[in-house]
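Participant: Generate coordinates for the sequence data below:
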Amino acid sequence: MTSSSSPSRKALSKIACNRLQKELAEWQLSPPAGFKHKVSDNLQRWVIEVTGAAGTLYAGETYQLQVDFPEHYPMEAPQVIFLNPAPMHPHIYSNGHICLDILYDSWSPAMTVSSVCISILSMLSSSPAKQRPADNDRYVRNCRNGRSPKETRWWFHDDTV
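Facilitator: Predicted structure coming up:
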């Protein structure tokens, strides 16, 4: 399954290819707990299965993340979305877009796919309720026609979830 909000796809730079090959090799040796990379021959798009942590609202539930890497990764953040159906969460929109600062304003080239996945699982695990963001319907309506979450001017004001 693909997303309609895929970024314009330019070939990965040599630096991005080398970095992703290294990250993939490390992932295969020691994947983060609760995650499985669905193997494909596309280095630029990873599909990752995430299983909710025990003792949380999402325990045992399985979702899929789609990670699209830009030409200049890791200097530029990957686009990360949940494929349908996205989990019900106060920072996850029904179209799969994730409001998480490390995916946008707080991205650092020191971050990896593994560290992003762990942050997303932590965000899921800390949720006190399964609910959509208050502005879900308006946001999703405005994202029609393939708008990327990277085109959104996110407001990161809730650090409780």
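
Participant: Show the pLDDT at residue 5.
Facilitator: Looking at residue 5, its pLDDT reads 42.

Participant: next one: residue 113
Facilitator: At residue 113, pLDDT is 96.

Participant: And the one 4 residues further on, by the same measure?
Facilitator: pLDDT for residue 117: 96.

Participant: Surely it is in contact with residue 65?
Facilitator: Yes - contact status for residue 117 versus residue 65: in contact at 7.1 Å, counting by C-beta atoms under 8 Å. No exception for glycine: its C-beta is placed from N, CA and C like everyone else's.

Participant: Report the buried residues of stretch 53-71.
Facilitator: 53, 57-58, 63-71 (16 or more other C-beta atoms under 10 Å).

Participant: quick one: which of the residues you listed is nearest residue 41?
Facilitator: If you rank those by distance to residue 41 using C-beta to C-beta, residue 69 comes first, at 14.3 Å.

Participant: what's the closest non-adjacent residue to residue 125?
Facilitator: Once flanking residues are discounted, residue 125 sits nearest to residue 56: 4.4 Å by C-beta to C-beta, 6 or more residues apart in numbering.

Participant: Any buried residues in the helix or strand of the chain with the lowest mean pLDDT, and which?
Facilitator: Within the chain, judged by mean pLDDT, DSSP states H and E, the helix or strand with the poorest mean is helix 136-142; its value is a mean of 86. Neighbour-count burial for helix 136-142 flags 136, 139-140 (criterion: 16+ other C-beta under 10 Å).

Participant: got a list of what residue 50 touches?
Facilitator: 34-35, 62-65, 117, 120-121, 124 (C-beta atoms under 8 Å, 6 or more residues apart in numbering).
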